[in-house]
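In: mind looking at a prediction? Sequence and model below.
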Amino acid sequence: MLLAIDTSAGTSVAIVDRDRGILAERSEVDTMRHAEVIGGMIQAVLDESAVARAELSGVVAGMGPGPFTGLRVGIAAARTFALALGRPLVPIVSHDAIAFAHFAAEAAGVAGARTAPLLVVTDARRREVYWSAYSGVDELGLPVRLDGPGLAKPDALPALALDAFDAFDGAFERLDAAEISAGALGMVAELSFAAGRPFTADEPLYLRSPDVTPSNGPKRVTR
């Protein structure tokens, strides 16, 4: 079983099991309250799932892409919890969770349906968006990322999408997502581990400099 945490958009926390699926999940869409709510949400999912900390085999962290301030809260919480438990940290690209949930819902809704290529888009603020392109799913139901994550101006997305989906003649579905499911994130981790698939690098996907940067030197005083 895994504890999964993502703060790349709002805040989402879940307990997942490879065989039983999502056992408990809590989400908060407010992008300004990550630090305020994450501790209570972790305790809530542990209580609801009746899973003891010692039963967890690892902690999943959504690595973004996401804005610096919010994303680092979830990653720091996941790293701290994993260290305290003596369990591994499992880094997963947050967009993969969006694609996984979309393709799983599509497959469940239409028997034998062919998954169309997908462009996942999330808000990067500053009039920019994050994007990732997916060709569909593999034999395990895991999303196959063609390109990204990347950062772009909204009006540049059509050209980027056509480049990524060149093999599909530009026929793709665009999904603008406002939140990420930690449950889906955790299931991507469970299925990837079971299949021996590599995880993403343990590096936050900020894709640009933080909003606030330290000064390069002492402030000049003038008279």
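Out: Received it, and whenever you're ready, just let me know what you need. Small disclaimer: the values here were computed from a predicted structure and weren't measured.
In: show me what contacts residue 39?
Out: residue 77 (Cβ atoms under 8 Å, 6 or more residues apart in numbering). Every C-beta, even on glycine, is put in place using the N, C-alpha and C of the backbone.
In: mind checking the SS state of it?
Out: Using DSSP: H, G, I helix; E, B strand; the rest coil, the structure places residue 39 in helix.
In: how much space separates it from residue 45?
Out: Using Cβ to Cβ, to the nearest Å, residue 39 is found at 12 Å from residue 45.
In: just checking, residue 173 touches residue 118?
Out: Yes - under the criterion of Cβ atoms under 8 Å, residue 173 makes contact with residue 118 at 5.3 Å.
In: the more surrounded of those two?
Out: Higher neighbour count among residue 173 and residue 118: residue 118, with 26 against 13, using other Cβ atoms under 10 Å.
In: touching, the more buried one and residue 177? I think so.
Out: No - at 10.7 Å, residue 118 and residue 177 do not qualify as touching, with contact defined as Cβ under 8 Å.
In: start to end distance for stretch 62-75?
Out: Its start and end residues considered, stretch 62-75 measures 7 Å (Cα to Cα, to the nearest Å).
In: which residues touch the spatially most central residue of the chain?
Out: Centroid check for the chain by Cα atoms, centre = their mean gives residue 94 as the closest residue, at 1.5 Å. Contacts for residue 94 (Cβ under 8 Å, 6+ apart) come out as 6, 8-9, 62-66, 122, 180, 185, 205.
In: same check on residue 18?
Out: Residue 18 makes contact with 187, 190-191, 194 under the criterion Cβ under 8 Å, 6+ apart.
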